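Visitor: I would like to see how this sequence folds:
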Amino acid sequence: MSLNNNLNAALRLADCGIRTFPAKPVLKGNGNWNKPPYITGWQSNATTDRDQIRGWWADWPDAIPGLPYNGFIVIDADRHIGGADGVGKPRSETARALMMQWLPGPTAHR
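Guide: So this is what the prediction gives:
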């Protein structure tokens, strides 16, 4: 995803009323990603304010949108280099059923 796409994604989340904050994508030596927040107090400072979001992305153009996920069901479906593919094949029927129930119909990867 390009840098501009990450800003656009954060703005789209804000338009949907979902608070976001800037997170830093850090590739670890084992090929996995860490995503620490760029800001302190991210749980309470996440926002839907488009001007604040634009300001954060001006400060950190490589940021990815982070979400304080209170009230969400989170399925972390990552692809790992040389490892598990949580997007292509969920490991259990329960995970698959949850994904199919909660993902939007036409855009779900089935």
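
Visitor: Domains of this protein: list them as residue ranges, please.
Guide: Using automatic domain parsing, the domain parsing of the chain gives 1-71, 73-110.

Visitor: lowest-confidence stretch among those domains?
Guide: When the domains of the chain are compared by mean pLDDT, domain 73-110 comes last with a mean of 58.

Visitor: Counting by contacts, list what the helix or strand containing residue 56 packs against.
Guide: Element membership for residue 56 (DSSP states H and E) is helix 50-59. If you count contacts as 3 or more Cβ pairs under 8 Å, 6 or more residues apart in numbering; DSSP states H and E, helix 50-59 packs onto helix 3-15, strand 21-23. The way it works is simple: take the backbone N, C-alpha and C, and place the C-beta from them, glycine included.

Visitor: how about those in a markdown table, adding distance to residue 36?
Guide: Formatted as a markdown table, those follow (distance: least, Cβ to Cβ, whole Å):
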| stretch | distance to residue 36 |
| --- | --- |
| helix 3-15 | 15 |
| strand 21-23 | 7 |
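
Visitor: do you know which of the ones you listed lies nearest residue 57?
Guide: For these, the distance to residue 57 is smallest for helix 3-15, at 4.3 Å, taking Cβ to Cβ.

Visitor: Tell me which residues are up against that closest one.
Guide: Residues outside helix 3-15 that contact it (Cβ atoms under 8 Å, 6 or more residues apart in numbering): 1, 19-20, 22, 47-50, 53-54, 57, 61-65, 67.
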